[in-house]
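[1] A predicted structure for the sequence below; I have some questions about it.
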Amino acid sequence: MTKKHLLELHAIKKVFHTEELETWALDDIRLTIDEGEYVAISGPSGCGKSTLLSVMGLLSSSTEGKYFIDGVEVASLGPVEQARVRNQDIGFIFQAFNLVGDMNVLDNVELPLTFRSGLSRKERKEMAIEALTKVDMAHRLKHLPAQLSGGQQQRVAIARALVGKPKVLLCDEPTGNLDSRNAEMVMELLDTLHKQGSTIVMVTHDPRSAEQAERKIMLFDGKVVEDSRAAPKLHSIGE
Ligand code: ADP
Ligand code: MG
């Protein structure tokens, strides 16, 4: 079976200018990520991991190079189309959860759907509850984020990322703010989502988390210095 190329980065560069300093946060990144892959990105602090994820997720644009999502060159899209791709095709999971503090769990998860046309309130609610059930948080719909543990908040954040059925989940240090027990729970959840077909790109500095992925990419000074695939694991295909 031929794999579909989901994300294609062709000679991507990103420069930041600060006072007289020029930082090439990404320096000629060439990467292809296929549908269904589980990829871990590691490397020392400041090597460009978050910048790479934000370019992949259309949170920032590259300075040079070409980027294709599902065969479509991002630069060919106008701002409205780019916002649509960001909302529909990309699910983000951040280290700091980034839930809206004065909205309850259900409203937080529904939030990305409110930017979509053609969904009724009832449909939005059903989709949010379905996503929250996947992360085992459907029993806390009316809680506010501050009333949940860190691990629970991250599970809600994962439900919010999943609710719109994105083509890829981009995770930036998803266990960075969690104790080891909650971190393990989140890693198990990502593993389950992968087995159910999700494409996952995860930035992590934790070697154990990186082990769980099928493919490990190392960055150094904005460059890919290693890109290795583990032997394929034999697991049944879910869903
Ligand atoms: P990592 O996530 O691997 O720690 P980042 O992608 O955050 O690294 O940063 C890569 C490099 O780009 C660093 O040198 C950082 O200081 C620089 N950088 C990141 N964001 C900005 C910004 N908004 N303005 C200026 N420099 C930045
Ligand atoms: Mg970072």
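    Perfect, thanks for sending it. Ligands and ions are numbered 1, 2, ... in the order given.

[2] use CA for all of it now, contacts and neighbours both
    OK.

[3] pLDDT at Phe16, what is it?
    We have a pLDDT of 97 for Phe16.

[4] what do you get for Gly197?
    On the pLDDT scale, Gly197 gets 92.

[5] so how many other residues sit close to it?
    When neighbours are defined as other Cα atoms under 10 Å, Gly197 has 17 of them.

[6] now do the SS call for the closest residue to it other than its chain neighbours.
    Using Cα to Cα, 6 or more residues apart in numbering and skipping the chain neighbours, the partner closest in space to Gly197 is Gly36 (5.5 Å). The three-state assignment at Gly36 reads coil, by DSSP: H, G, I helix; E, B strand; the rest coil.

[7] tell me where this protein has strands.
    Ranges of strands within the chain are 5-18, 21-34, 38-42, 64-69, 72-73, 90-94, 168-172, 200-203, 215-220, 223-229, based on DSSP state E.

[8] can you add distance to Val100 and mean neighbour count and give those back as TSV?
    Converted to TSV, the strands of the chain look like this (distance: least, Cα to Cα, whole Å; neighbours: other Cα atoms under 10 Å):
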stretch	distance to Val100	mean neighbour count
strand 5-18	29	17
strand 21-34	29	17
strand 38-42	27	25
strand 64-69	28	18
strand 72-73	32	13
strand 90-94	13	23
strand 168-172	18	25
strand 200-203	22	26
strand 215-220	32	20
strand 223-229	34	15
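
[9] wait, doesn't the residue nearest to Gly197 sit right on Val201?
    No. Gly36 sits out of contact with Val201 when judged by Cα atoms under 8 Å, with a separation of 10.2 Å.

[10] the most centrally placed residue in the chain: what's it in contact with?
    In the chain, the residue lying closest to the centroid (Cα atoms, centre = their mean) is Leu170, at 1.2 Å. Leu170 makes contact with 53, 57, 90-93, 200-202, according to Cα atoms under 8 Å, 6 or more residues apart in numbering.
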